[in-house]
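K.L.:
Any chance you could fold what I've pasted below:
(2 chains)
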There are 2 protein chains.
Amino acid sequence: MNNLFANIPRDLPEELCETLARSDAVRIERIVSRGHASPDDFWYDQEQDEWVLLVQGAARLAFADGDEVRLGAGDWLLIPAHRKHRVAWTDPEAETVWLAVHYSPQ
Amino acid sequence: MNNLFANIPRDLPEELCETLARSDAVRIERIVSRGHASPDDFWYDQEQDEWVLLVQGAARLAFADGDEVRLGAGDWLLIPAHRKHRVAWTDPEAETVWLAVHYSPQ
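P.N.:
The predicted model follows:
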């Protein structure tokens, strides 16, 4: 059985991003962070909607429109296509596990 | 902030199923079970692929081909369209929270 908390390397020099399932319409991925954040001047600007669930850990997402949200276990949000955002912070003391579902806005 | 563990009624006479996000291509839903199972002779036979994550709790899924799998927190699997399955058991002592992503197999 596949498990979302399995196969996490002890060392995470980079954020770990893996596709768990995909079709033409959707891509489901697991992201594991540990103290990682986006570069200071970097914004994700995505063609697709992204539905994101913070499964474990703690993080902050910042948006180019000025919003910032803190996420704990179970928090989820929809980031519409082209809403510019970045990962401002993730817990440096423990793994933060995200589930992201990317799909076309139509 | 929306949270996957929030707004769970104390009493769950029926399984609770809510759509969290959807587009033409995808439907993301939360399912909360507490001791629920599918009727004995019932099989889900779905037009779409279903990617399912057991976020919290414990459950058993049975398949018409004879397989049965037990799921704990973090376990996930892809149920291809038309693979007949049913929920054989969920923990009667605590809420089991599922995340299901339905999408076209192409």
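
K.L.:
so what's the residue of chain A found nearest chain B closest to, chain neighbours aside?
P.N.:
Nearest residue of chain A to chain B (C-beta to the nearest C-beta) works out as residue A:25 at 3.6 Å. Every residue, glycine included, has its C-beta placed from N, CA and C. Excluding the flanking residues, the one nearest residue A:25 by C-beta to C-beta, 6 or more residues apart in numbering or on different chains is residue B:25, at 3.6 Å.

K.L.:
For that neighbour, give me its contacts.
P.N.:
Residues in contact with residue B:25 (C-beta atoms under 8 Å, 6 or more residues apart in numbering or on different chains) are A:25-26, A:103-104, A:106, B:103-104.

K.L.:
tell me the pLDDT at it?
P.N.:
We note a pLDDT of 90 for residue B:25 in this prediction.

K.L.:
Quick check: bridge partners of residue A:32?
P.N.:
residue A:16, residue A:97 (DSSP bridges).

K.L.:
isn't it right next to residue A:91, touching?
P.N.:
No - taking C-beta atoms under 8 Å as the definition, residue A:32 is not a contact partner of residue A:91, at 11.5 Å.

K.L.:
Who has more neighbours out of the two?
P.N.:
Legend: neighbour count by other C-beta atoms under 10 Å in any protein chain shown for residue A:32 and residue A:91, higher for residue A:32 (23 against 17).

K.L.:
of the contacts of residue B:25, closest to residue B:69?
P.N.:
residue B:103 (20.9 Å; C-beta to C-beta).

K.L.:
State the number of residues packed around residue A:64.
P.N.:
A total of 13 residues lie near residue A:64 under the criterion other C-beta under 10 Å.

K.L.:
what separates the residue of chain A most remote from its centre from residue B:75, distance-wise?
P.N.:
Note on chain A: the largest C-alpha distance from the chain mean falls to residue A:1, namely 22.9 Å (C-alpha atoms, centre = their mean). According to C-beta to C-beta, to the nearest Å, residue A:1 stands 5 Å off from residue B:75.

K.L.:
Residue A:29 too?
P.N.:
17 Å.

K.L.:
and chain A, which residues reach chain B?
P.N.:
Proximity of chain A to chain B, by C-beta under 8 Å from any C-beta of the partner chain, involves residues A:1-6, A:20-21, A:23-26, A:28, A:49, A:51, A:53, A:55, A:69-71, A:73-78, A:99, A:101, A:103-106.

K.L.:
which of those residues count as buried?
P.N.:
Buried members of those, counted by 16 or more other C-beta atoms under 10 Å in any protein chain shown: A:4, A:20-21, A:23, A:25-26, A:28, A:49, A:51, A:53, A:55, A:71, A:73-77, A:99, A:101, A:103.

K.L.:
Sitting in helices, which of those residues do you find?
P.N.:
If you go by DSSP state H, these have nothing in helices.

K.L.:
So which of those belong to strands?
P.N.:
Counted as lying in strands by DSSP state E, out of these, are A:20-21, A:26, A:28, A:49, A:51, A:53, A:55, A:71, A:75-77, A:99, A:101, A:103.

K.L.:
from those residues, which is closest to residue B:13?
P.N.:
residue A:76 (25.6 Å).

K.L.:
Show me the beta-bridge partners of the residue lying closest to the closest one once chain neighbours are set aside.
P.N.:
The spatially closest residue to residue A:76, leaving aside those adjacent along the chain, is residue A:53, at 4.3 Å (C-beta to C-beta, 6+ apart). Beta bridges link residue A:53 to residue A:76, residue A:99 when assigned by DSSP bridges.
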